[in-house]
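In: Build me a model:
(2 chains)
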Amino acid sequence: KAGVTQTPRYLIKTRGQQVTLSCSPISGHRSVSWYQQTPGQGLQFLFEYFSETQRNKGNFPGRFSGRQFSNSRSEMNVSTLELGDSALYLCASRSDGRTEAFFGQGTRLTVV
Amino acid sequence: GNSVTQMEGPVTLSEEAFLTINCTYTATGYPSLFWYVQYPGEGLQLLLKATKADDKGSNKGFEATYRKETTSFHLEKGSVQVSDSAVYFCALIRTQGGSEKLVFGKGMKLTVNP
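Out: This is a model prediction of the structure:
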């Protein structure tokens, strides 16, 4: 069974631009969550999607948004990029009724 | 609110040394507890989990026991290897409005020297 796949692995963007990151969950998993990892703040929850609906959202500005498609694949978008958005963005998927989450390798975003 | 506090390190050990990484949590109810490991340049891998009090999670020689009385979930390994060099995160899962999100500790970097 394939794991969680995130694309691209690396991105370099300029301040003010926008970016879209993609996540394909493990087959059969309907829950997809996104986390931001930075050296200063550690791992912080961004949002969770389940069956194309956002179920929960973390404490991030409205520039951070996401969506989920009918095949459970998810995208997150960050608009008007700031230097502080430089981070590793991790996606995790979970099976219904299970507590353990499985993570992808992440997308390393660098904003210059 | 729910939170996780863990040793932050960094810690350097020699191969075959004993490892303990302390983790305590604050939570309402009885959350499930996890240890995740992150190797350089990679995402998080689930190392082990425990879902109720006195449960012991184990994997690859690592163990952790869910202690409700001390709200702890300390990670131990009897003999570390160079390949165990990584960052270790303790986490709990918090349920909110039908959604579940992980709350992580700050992570502890472990280096094991030959």
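
In: can you give me the strands in the chain?
Out: In the absence of a named chain, this looks at chain A. Secondary structure of chain A (DSSP state E): strands at A:5-7, A:10-13, A:19-24, A:31-38, A:42-50, A:53-57, A:64-68, A:74-78, A:87-94, A:102-103, A:107-111.

In: oops, chain B please
Out: Counting by DSSP E, the strands of chain B are B:3-6, B:11-14, B:19-21, B:23-26, B:33-38, B:44-50, B:56-59, B:62-65, B:75-77, B:86-96, B:99-104, B:108-113.

In: show me what contacts the residue of chain B found nearest chain A?
Out: Residue nearest to chain A within chain B (Cβ to the nearest Cβ): residue B:99, separated by 3.6 Å. Glycine gets a C-beta too; all of them are placed from N, C-alpha and C. Applying Cβ atoms under 8 Å, 6 or more residues apart in numbering or on different chains, we find residue B:99 in contact with A:48, A:50, A:55-56.

In: so which of those is the most crowded?
Out: Most neighbours among the contacts of residue B:99, by other Cβ atoms under 10 Å in any protein chain shown: residue A:48, with 27 neighbours.

In: Model confidence for that one, exactly?
Out: On pLDDT, residue A:48 comes in at 94.

In: Would you mind listing what in chain B touches chain A?
Out: Contact residues, chain B versus chain A (Cβ under 8 Å from any Cβ of the partner chain): B:32, B:34, B:36, B:42-46, B:49, B:51, B:89, B:93, B:96-107.

In: if you set the cut-off to 7 Å instead, what comes out?
Out: B:32, B:34, B:42-44, B:46, B:49, B:51, B:89, B:93, B:96-102, B:104, B:106-107 (Cβ under 7 Å from any Cβ of the partner chain).

In: Please produce a ChimeraX select command covering the buried subset of those residues.
Out: This is the ChimeraX syntax for the buried subset of the residues of chain B next to chain A, where burial follows 16 or more other Cβ atoms under 10 Å in any protein chain shown:
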select /B:32,34,43,44,46,49,89,93,99,100,101,102,104,106,107
